[in-house]
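[1] Provided below for reference: sequence and predicted model.
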Amino acid sequence: MSTPVEIESVAVVGAGFMGSGIAEAAAVAGLPVVLRDVDDASLEAAEKRIEGSLTRAVRGGKLGLADAEEVRGRIELTNELTRSLTSASWSRPCRKTCG
């Protein structure tokens, strides 16, 4: 039986639909997140997806406006692999086989 590990921060490698969703969920749970992808276009698309999701959560009453702002502040977008992996206590590569 393994000993549970406390997760203090998260790195997600791959900012597609799954990666951005994992990053958002971790940030909503209160964890700082580094979301990494190789190109800026993917990071920009992820930022828009997360923003849209948080906007819907505020409109639906699931998050307050201040809470959504805090969530946004917990997510760092980067294309630097070293930065994302050295700053996290948990990381997960997200590609089509993530799961």
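    Happy to help now that I have it.
[2] Can you tell me the centre-most residue of the protein?
    The residue lying closest to the centre of the chain (CA atoms, centre = their mean) is residue 23, at 1.6 Å.
[3] Confirm that that one sits in a helix.
    Yes. Per DSSP: H, G, I helix; E, B strand; the rest coil, residue 23 lies within a helix segment.
[4] how many neighbours does the nearest residue to it once chain neighbours are set aside have?
    Among residues not flanking residue 23 along the chain, residue 35 sits closest, at 4.3 Å (CB to CB, 6 or more residues apart in numbering). In this view, the C-beta of every residue, glycine as well, is placed from N, C-alpha and C. For residue 35, the neighbour count with other CB atoms under 10 Å is 28.
[5] which residues make contact with the strand or helix carrying residue 35 from outside it?
    Per DSSP states H and E, residue 35 falls inside strand 33-36. With contact meaning CB atoms under 8 Å, 6 or more residues apart in numbering, strand 33-36 is reached by 9-15, 19-20, 23, 26-27, 43, 46, 74-81, 83-84, 87-88.
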